[in-house]
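[1] Below are the sequence and a predicted model for it; my questions follow.
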Amino acid sequence: MNTIWNTAFSQGSEQLISSAIRELLKITEHPSTISFAGGLPAPECFPNIELTVAAERVLANQPMSALQYGPTEGYRPLRGFLAERMTGLGITTSLEQIIITSGSQQGLDLLGKLFIDPGAVVAVEEPTYLGALQAWRPYRPEFLTVPLDHEGIDVAVLEKMLRSGKRPRFVYVVSSFQNPAGVTLSPARRQALIEMAAQYDLPIIEDDPYGDIYYGGVRPKPLAALDCELSGELRHVVYLGSFSKILAPGLRVGWAALPRELVGKFVQAKQGMDLHTTSLSQIIVYEVCSDRLLERHIPAVRATYHARRDAMLEALEQHMPFGINWTRPNGGMFLWLTLPDFLDAANLLNAALDLQIAFVPGASFYANGGGNHTLRLNFSHPTTTRIYEGVSRLAQAIQTLRNKTVREA
Ligand SMILES: Cc1ncc(COP(=O)(O)O)c(C=O)c1O
């Protein structure tokens, strides 16, 4: 039926599609389903008590600033705290270069609003974060996909593309413990990418919500830090950070560290989007951060996810049939599984749901199609017991599909 609203839609709105993951989450809410599908932090890892105490204190002591409209740029003390934290990571920034966002997801949308005209070329990893594709598709870019391997985005392929005359508006990189593939850009490739950015005037968006969740001894050095080393200040990289994985995603507090020349436009774009990020959340986050909660809490989050990653790797070794490969993430919340070419992950999902196990088929993370025999597994949300049980059921579903496919061939 044609309604007045149908004819009123913009062309960009045709590109608005539901995230496969959010749709899948609705099916997998049943408690007996073991879900590796969502990208959810473990609720056991939320610092409930500290956040409750801080919320009560904020509302009792400064209700006017917590409940009133605030500046678009964000709560000044929190910006100051983050500028110091970024500088500690080698991303030398002043308070003015830090803008608080409503999650890093909003940062992605704002950057799309600022940089993407219809038909503009945007370079993304293949596979890439689905939420970035969702944010940018309505602006109607042409996605240039750059493959990744166990060392992250293949910079040699990107350079070939640049040499052949392709000029993306920016390249989008989830540099550490990538969502969805779990891989981390190697130090050599980081260096090569930042030099390429300088040589070709290539803007980089570095999305780093998982950087703090490392299982080895050291946090990978952000591309933004290498940019500061190379250029003396942040010049080629926009860095997006988030409290979602280190405190709680329901707070909806993230931030962008921006080259100075971008700050004004970024703030104007945010003014039109939501005026400002929730003041109450920002002040609560500042309160717990200034009580040094991150120093106490992040190691506990790392330990929990590390144990869950180990459980998933061990279960995969134990149960997976021959011919299945997977990544071994050194941090973050996801790993990536590759099936033999003749098995389709969407068909596998049907077989898996019959056994009450869920995951996200990898095709969702491919900007231009493909990836039909890949899938993403989340290990941060299920407990280790459920991880062992779920991987065993997944292996069973693979066997069932393999037998069926062989029979039908
Ligand atoms: C790579 C990546 N970027 C951005 C986001 C959005 O996070 P936030 O909760 O900060 O909006 C996520 C969430 O899963 C993510 O994985």
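    Noted; the coordinates are in hand. None of the values given here were measured: they were computed from a predicted structure.
[2] Okay, buried residues for the one helix or strand residue 283 maps to please.
    Under the criterion of DSSP states H and E, residue 283 resides in helix 279-290. By 16 or more other CB atoms under 10 Å, the buried positions in helix 279-290 come out as 279, 280, 281, 282, 283, 284, 285, 286, 287, 288, 289. To be clear about C-beta, it is placed using only N, CA and C from the backbone, and glycine gets the same treatment.
[3] So which elements touch it?
    helix 48-61, helix 63-67, helix 76-88 (3 or more CB pairs under 8 Å, 6 or more residues apart in numbering; DSSP states H and E).
[4] Alpha carbons only: can I get the first one in PDB?
    Meaning helix 48-61. Extracted C-alpha coordinates of helix 48-61, given in PDB (Å, rounded to 0.1, in the frame of the first residue of the first chain):
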ATOM      1  CA  ASN A  48      27.300  -1.900  39.500                       C
ATOM      2  CA  ILE A  49      28.100  -0.900  43.000                       C
ATOM      3  CA  GLU A  50      30.600   1.800  42.000                       C
ATOM      4  CA  LEU A  51      28.200   3.200  39.400                       C
ATOM      5  CA  THR A  52      25.300   3.200  41.800                       C
ATOM      6  CA  VAL A  53      27.200   5.000  44.500                       C
ATOM      7  CA  ALA A  54      28.500   7.600  41.900                       C
ATOM      8  CA  ALA A  55      25.000   8.100  40.500                       C
ATOM      9  CA  GLU A  56      23.600   8.800  44.000                       C
ATOM     10  CA  ARG A  57      26.400  11.200  44.800                       C
ATOM     11  CA  VAL A  58      26.000  13.000  41.500                       C
ATOM     12  CA  LEU A  59      22.300  13.500  41.900                       C
ATOM     13  CA  ALA A  60      22.600  14.500  45.500                       C
ATOM     14  CA  ASN A  61      25.500  16.900  45.100                       C
END
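[5] elements contacting that helix?
    Looks like helix 48-61 contacts helix 279-290 (3+ CB pairs under 8 Å, 6+ apart).
[6] cool, the shortest one as well?
    Contacting helix 63-67 under the criterion 3+ CB pairs under 8 Å, 6+ apart are the following elements: helix 279-290.
[7] Give me the mean pLDDT for the helix it packs on.
    Mean per-residue pLDDT for helix 279-290: 98.
[8] circling back to that earlier point, relative to the ligand, which of the helices and strands packed on helix 279-290 is closest?
    When the helices and strands packed on helix 279-290 are compared by CB to the nearest ligand atom, helix 76-88 sits nearest the ligand, at 13.5 Å.
[9] burial count for the residue of the chain found nearest the ligand?
    Of all residues in the chain, the one sitting closest to the ligand is residue 103 (2.5 Å; CB to the nearest ligand atom). The number of residues packed near residue 103 is 22, by other CB atoms under 10 Å.
[10] list the contacts for it?
    Going by CB atoms under 8 Å, 6 or more residues apart in numbering, residue 103 touches 242, 244, 249, 252, 253, 254.
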